[in-house]
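>>> Sequence and predicted structure below; questions after.
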Amino acid sequence: MPRFVMTALAAGLILAACGRPPQNQMPPADVGFITIAEQPVPLSVELPGRTTPYAVSEIRPQISGIVQKRLFVEGSTVKRGQPLYQIDPAPYRATYDSMLATLASTKVKAERYARLLSERAIAPQDADDARAAYLQAKANADSARINLDYTRIMAAITGRIGASTVTEGALVTAQQATALTTVSTLDPIYVDVDQSSAELVALRRAVQAGSVNSGGPLTAEVTLKLDDGSPYLLKGKLQMTDVTVDPATGAVRLRALFPNPENLLLPGLYVRAVINQGVDPHGILVPQSAVNHNQKGDPTALVVDEKNVARLRVLKTGRAIGNTWQVLEGLKPGDKLITEGLAKAMPDMPVNPQPASAAANPQAAR
């Protein structure tokens with residue numbers, strides 16, 4: 001075949017190939033998106049803690065003597081004013097009776113001297129001495145009566161009583177170092193938790209900046225998770241935040257108060273407290289599955305622009321809330337965030353966007 005004919009055929013084939021679309025060009029990837037919207041987002045933190053009795057009373061004797069009876073059942077609930085121990089009252093009753101006799105004698109003498117003084121039969125000093133002796137005897141009788149009352153040891157508070165450290169026949173002494181027993185008020189009960197001071201300062205700055213509302217009944221609400229992961233059904237209230245930072249841990253102590261009618265929570269129990277610290281009135285939540293990270297470790301997400309092209313956004317995220325991230329920067333209301341088909345979508349490439357399913361939209365689920 002002549003050379004010019006072959007050249008013409010080759011040129012024709014090339015022109016024909018240029019006129020057809022490439023056979024390996026991929027169509028736009030199908031993706032699902034959600035439209036970003038602002039919403040009030042409660043900001044909570046889960047912290048480990050321990051239960052602490054609402055009140056603790058260590059029972060100690062105010063006088064010395066022999067324990068005659070123990071008047072309670074260990075581990076039971078006792079009421080305020082309920083007798084717990086009986087110390088031998090005999091020596092104290094004898095002392096009280098003696099003081100009463102002395103009181104009666106000094107009273108008669110003081111009254112007689114008062115009459116004699118009115119008749120100018122004695123010196124005023126003698127009447128004053130008789131009066132002082134009567135008042136001293138009265139004070140001694142009152143002290144003896146108080147000691148006699150101390151022979152019966154009463155519960156100072158209502159609560160669960162622990163084991164007794166003494167038995168009947170034991171000698172106890174006034175103000176001894178070892179408590180006879182301990183009464184703890186368990187309903188209500190405290191839960192003490194520690195929070196990082198840095199987190200607390202950041203929260204207060206957000207409140208001052210107006211990005212977080214800290215107030216209202218929701219803020220004070222606290223829930224519990226028990227050691228086995230099960231929830232405690234009754235809710236508590238945040239009572240106080242300590243005014244000092246522990247220099248060893250850099251943490252601040254928070255205290256919540258919980259009802260405990262069935263005494264399920266015992267002192268020293270390990271729990272996890274979920275504390276509502278405020279509300280972000282303009283919060284943005286996105287699924288954690290829609291957030292990736294770049295080589296620097298910054299969180300990123302893909303959004304669909306007005307030309308149906310995927311665009312990469314670098315985000316600033318806050319705390320994790322369930323299976324979502326709180327987004328502080330990088331997204332705004334109205335943005336179309338890609339949540340489905342991320343494996344096929346590439347930055348700066350066309351996509352075929354469709355509204356995502358409700359399961360992939362945390363805003364619809366709330």
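That came through fine. Everything quoted here is computed from the prediction, not taken from an experiment. Residues are numbered from 1 along each chain as shown.
>>> buried ones in stretch 284-301?
Of the residues in stretch 284-301, 284, 285, 286, 287, 290, 291, 299, 300, 301 count as buried by neighbour count, 16 or more other Cβ atoms under 10 Å. The way it works is simple: take the backbone N, C-alpha and C, and place the C-beta from them, glycine included.
>>> What is the nearest of these to residue 90?
Nearest to residue 90 out of the buried residues of stretch 284-301 is residue 285 (Cβ to Cβ; 75.0 Å).
>>> what bridges to the nearest residue to that closest one once chain neighbours are set aside?
Spatial nearest neighbour of residue 285, chain neighbours left out: residue 324 (4.3 Å); criterion: Cβ to Cβ, 6 or more residues apart in numbering. Listed by DSSP bridges, the beta-bridge partners for residue 324 are residue 287, residue 321.
>>> Please list all residues in contact with residue 324.
With contacts defined as Cβ atoms under 8 Å, 6 or more residues apart in numbering, residue 324 is in contact with 285, 286, 287, 288, 362.
>>> circling back: taking the buried residues of stretch 284-301, tell me the two that lie furthest apart.
Largest pairwise distance in the buried residues of stretch 284-301, by Cβ to Cβ, is 16.8 Å, between 285 and 300.
>>> Can you pull the domain assignment for the chain?
In terms of domains, the chain is parsed into 29-41+284-365, 44-54+186-280, 61-87+154-178, 89-150 (source: automatic domain parsing).
>>> Comparing those by mean pLDDT, which bottoms out?
With a mean of 80, domain 44-54+186-280 has the lowest mean pLDDT of the domains of the chain.
>>> the helices in this structure, which residues?
In the chain, the helices defined using DSSP state H lie at 3-19, 90-118, 124-149, 197-209, 362-365.
>>> Just want the most central residue of the chain.
Centroid-nearest residue in the chain, with Cα atoms, centre = their mean: residue 256, separated by 4.2 Å.
>>> wait, it sits on residue 191?
Yes - Residue 256 is within contact range of residue 191, at 4.7 Å (criterion: Cβ atoms under 8 Å).
>>> what do those two both touch?
222, 236, 273.
>>> Now do the same contact list for residue 82.
Counted by Cβ under 8 Å, 6+ apart, residue 82 has contacts 71, 72, 154, 155.
>>> Kindly recompute the last result at 10 Å.
Residues near residue 82 by Cβ atoms under 10 Å, 6 or more residues apart in numbering: 71, 72, 154, 155, 158, 161, 183.
>>> same question, residue 337
Each residue near residue 337 by Cβ under 10 Å, 6+ apart is listed here: 32-36, 284, 286-287, 290-291, 301-304, 313, 327, 331, 356, 360-361.
>>> swap in residue 221?
Contacts for residue 221 (Cβ under 10 Å, 6+ apart) come out as 42, 44, 235, 236, 237, 238, 256, 274, 275, 276.
>>> Just give the nearest non-adjacent residue to residue 51, would you?
residue 269 (4.5 Å).
>>> That should have said residue 66, apologies.
Counting by Cβ to Cβ, 6+ apart, the residue nearest residue 66 is residue 88, at 4.6 Å.
>>> Kindly provide the distance from that neighbour to residue 71.
Distance, residue 88 to residue 71, using Cβ to Cβ, to the nearest Å: 14 Å.
>>> cool, residue 96 as well?
Separation of residue 96 from residue 71 (Cβ to Cβ): 22 Å.
>>> These two: which has the busier surroundings?
Between residue 96 and residue 71, counted using other Cβ atoms under 10 Å, residue 96 has the larger neighbour count: 21 against 15.
>>> Residue 352 contacts residue 29, correct?
Yes - shown here, residue 352 and residue 29 form a contact pair, counting by Cβ atoms under 10 Å, at 6.6 Å.
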